[in-house]
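Q: Using only what follows, build the 3D model:
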Amino acid sequence: MSPDRESAEGAENAEQAGDVEQAGDVVLSDEALLGGVSSSASVTGWGLEGLDGPVAALTRAMDAGRLSHAYLLHGPPGVGKATLAHRLAQALVVDRLPDGSLDLDSRLARAIDSDELPDVERIAIGGICDDDSSAERAATATRIRICQIRRLQRLAFLAPFQAPRRIFIIDAVDDLQLEAAHALLKVLEEPPAQVLLLLISHDVDAVLPTIRSRCTELALLPMPVAELAEALVRRTELGADEALALARESRGRFGRAMEMIEDPSMRMLQEAVAADARRLASAGRNDRLDYAQALSGNWRRERATVITTMDLWADWWRDALLAAAGVAEDSLGAPLTKDGAGALGGLEVSAADAVLALQVIRRTREHLLANVNPQLALEVMMLDLPVAAGGLEESEAAAAAAPTA
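A: Sure, this is the predicted structure:
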């Protein structure tokens, strides 16, 4: 064999060998990625609603042996980001049924769902650290701490037990301490070959650009209201009218809709927050400060509920923005009428005011998670929110908008 031909064949073999890293993606063999399943076996039947696009993208990457080392799953709360992350982990580990769907009733699948499989670790606020002395601080933590990411760094270099990779689900990357975010960046820059990082974000614009640039982004969008209503009728015992109403109230988010079915208090909270937002949009300073004091009093006992309340406030003002722009229904097909969850109730809100309100709510949410005094943060939010016309006389509106002494 001539040297030229031998060199050409060697280059071709090296190109086909796989198991190399290109453009930030770890490229493994199909057999390794699918746990021994042939690449011709398409990954179907993930049991998810409204996520066909992201599932198809992940399936193609798995079938091609080009699964990225890190994915950033972003979208509004309740759209299915955490569920998709767990399904991807299950797709890499569990067996397939004869029809090609995932065996979600298997022992391994249930272990992943309950965060009990050693190879799949969920990192969230209050999670464990290697340092036992920090256990007491975990109960009062409002951010994912740097010690949790240091634990990830240590575990990332250990070989997996049952899965083809060690999988870390960070729920959510929005909650990282700044120091923890920088520590995570080091893992993203030089990821071990056997590691898969699944980052969840409710507000992708708040994620550090350096983290975003090192991840493959998958945007998860709410379902059209009509499609969600059909899914709810198919998967629950709801009637068509009740399913349609719930689809509108959940704003096209399947996970949020199921949560509202399983926990009626969630539906009650959403209705109460919408009523409060409508009332306080035109209320005076005293009413707003009273609300801030009451809400801040729940921060120590029910932090998750306070954060959910902030998200629901943002939903109301988002509806206000659409109404101010003259939109008869939102992008999902839900009508913006007086009977809707985001009704303005006759208030007059400009688009500029609605945008300002969304910025104020987002900033307050960040301040709360950064351990700013909760009453101070919420009082500033109430004073910074614009005053809508329709509920106050001009003198009262001016007093409500005036800064405190």
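Q: residues near residue 317, how many?
A: Residues near residue 317, counting by other C-beta atoms under 10 Å, number 25. C-beta coordinates here come from the backbone N, C-alpha and C atoms, glycine included.
Q: For the stretch 51-200 of the chain, which segments are assigned as strands?
A: 70-74, 120-123, 166-171, 195-201 (DSSP state E, counting those that start in this stretch).
Q: And residue 404, what's its pLDDT?
A: pLDDT for residue 404: 47.
Q: Kindly report the same for residue 137.
A: Here the pLDDT value assigned to residue 137 is 68.
Q: Distance from stretch 92-108 to the middle of the chain?
A: 25 Å (C-alpha atoms, centre = their mean, to the nearest Å).
Q: Quick check: buried residues in that stretch?
A: Judged by neighbour count (16 or more other C-beta atoms under 10 Å), stretch 92-108 contains these buried residues: 92-94, 96, 102, 104, 108.
Q: and if you look at stretch 259-275?
A: Within stretch 259-275, the residues scored as buried using 16+ other C-beta under 10 Å are 259-261, 266-267, 269-270, 273-274.
Q: now it, how far from the chain's geometric center?
A: The answer for stretch 259-275 is 19 Å, by C-alpha atoms, centre = their mean.
Q: Residue 311 and residue 77 touch, don't they?
A: Yes. Counting by C-beta atoms under 8 Å, residue 311 touches residue 77, with 5.6 Å between them.
Q: Quickly list what's touching both of the two.
A: Residues touching both residue 311 and residue 77 by C-beta atoms under 8 Å, 6 or more residues apart in numbering: residue 202.
Q: Could you give the bridge partners of the closest residue to residue 45 other than its chain neighbours?
A: In space, and not counting its chain neighbours, residue 45 is closest to residue 101: 2.3 Å by C-beta to C-beta, 6 or more residues apart in numbering. Residue 101 has these beta-bridge partners by DSSP bridges: residue 44.
Q: Could you measure from residue 101 over to residue 107?
A: 17 Å (C-beta to C-beta, to the nearest Å).
Q: again with residue 317
A: Taken as C-beta to C-beta, the span from residue 317 to residue 107 is 45 Å.
Q: Domain-wise, how is this structure divided?
A: 15-219, 223-262, 271-401 (automatic domain parsing).
Q: now the longest one, how far from the centre of its chain.
A: Translated: domain 15-219. With C-alpha atoms, centre = their mean, you get 13 Å for domain 15-219.
Q: Adding secondary structure and pLDDT, write the buried residues of stretch 259-275 out as JSON lines.
A: Shown next, in JSON lines, are the buried residues of stretch 259-275 (DSSP: H, G, I helix; E, B strand; the rest coil; pLDDT from 0 to 100):
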{"residue": "259", "secondary structure": "helix", "pLDDT": "91"}
{"residue": "260", "secondary structure": "helix", "pLDDT": "91"}
{"residue": "261", "secondary structure": "helix", "pLDDT": "92"}
{"residue": "266", "secondary structure": "helix", "pLDDT": "88"}
{"residue": "267", "secondary structure": "helix", "pLDDT": "86"}
{"residue": "269", "secondary structure": "helix", "pLDDT": "90"}
{"residue": "270", "secondary structure": "helix", "pLDDT": "88"}
{"residue": "273", "secondary structure": "helix", "pLDDT": "92"}
{"residue": "274", "secondary structure": "helix", "pLDDT": "88"}
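Q: With distance to residue 142 as added columns, please give those residues in CSV.
A: Formatted as CSV, the buried residues of stretch 259-275 follow (distance: C-beta to C-beta, whole Å):
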residue, distance to residue 142
259, 22
260, 25
261, 29
266, 21
267, 26
269, 20
270, 23
273, 21
274, 26
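Q: CA-only coordinates of stretch 152-168, as PDB, when you get a sec.
A: Output in PDB follows, covering the C-alpha atoms of stretch 152-168 (Å, rounded to 0.1, in the frame of the first residue of the first chain):
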ATOM      1  CA  LEU A 152     -20.900  18.800  41.100                       C
ATOM      2  CA  GLN A 153     -17.300  19.400  40.100                       C
ATOM      3  CA  ARG A 154     -16.100  16.500  42.200                       C
ATOM      4  CA  LEU A 155     -18.800  14.100  41.100                       C
ATOM      5  CA  ALA A 156     -18.400  15.000  37.400                       C
ATOM      6  CA  PHE A 157     -15.000  13.200  37.300                       C
ATOM      7  CA  LEU A 158     -16.400  10.000  38.700                       C
ATOM      8  CA  ALA A 159     -17.500   7.300  36.300                       C
ATOM      9  CA  PRO A 160     -21.200   6.600  36.100                       C
ATOM     10  CA  PHE A 161     -22.700   3.500  37.600                       C
ATOM     11  CA  GLN A 162     -25.700   2.600  35.400                       C
ATOM     12  CA  ALA A 163     -26.100   5.400  33.000                       C
ATOM     13  CA  PRO A 164     -23.900   6.200  30.000                       C
ATOM     14  CA  ARG A 165     -23.200   9.600  31.500                       C
ATOM     15  CA  ARG A 166     -23.400  11.400  34.800                       C
ATOM     16  CA  ILE A 167     -26.300  13.700  34.400                       C
ATOM     17  CA  PHE A 168     -26.800  16.900  36.400                       C
END
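Q: how about that stretch: buried residues?
A: 152, 155-156, 160, 163-168.
Q: I'd like those written out as JSON lines, with pLDDT and distance to residue 70 added.
A: Shown next, in JSON lines, are these (pLDDT from 0 to 100; distance: C-beta to C-beta, whole Å):
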{"residue": "152", "pLDDT": "94", "distance to residue 70": "12"}
{"residue": "155", "pLDDT": "92", "distance to residue 70": "16"}
{"residue": "156", "pLDDT": "91", "distance to residue 70": "12"}
{"residue": "160", "pLDDT": "89", "distance to residue 70": "16"}
{"residue": "163", "pLDDT": "84", "distance to residue 70": "16"}
{"residue": "164", "pLDDT": "86", "distance to residue 70": "16"}
{"residue": "165", "pLDDT": "89", "distance to residue 70": "11"}
{"residue": "166", "pLDDT": "93", "distance to residue 70": "13"}
{"residue": "167", "pLDDT": "94", "distance to residue 70": "11"}
{"residue": "168", "pLDDT": "96", "distance to residue 70": "9"}
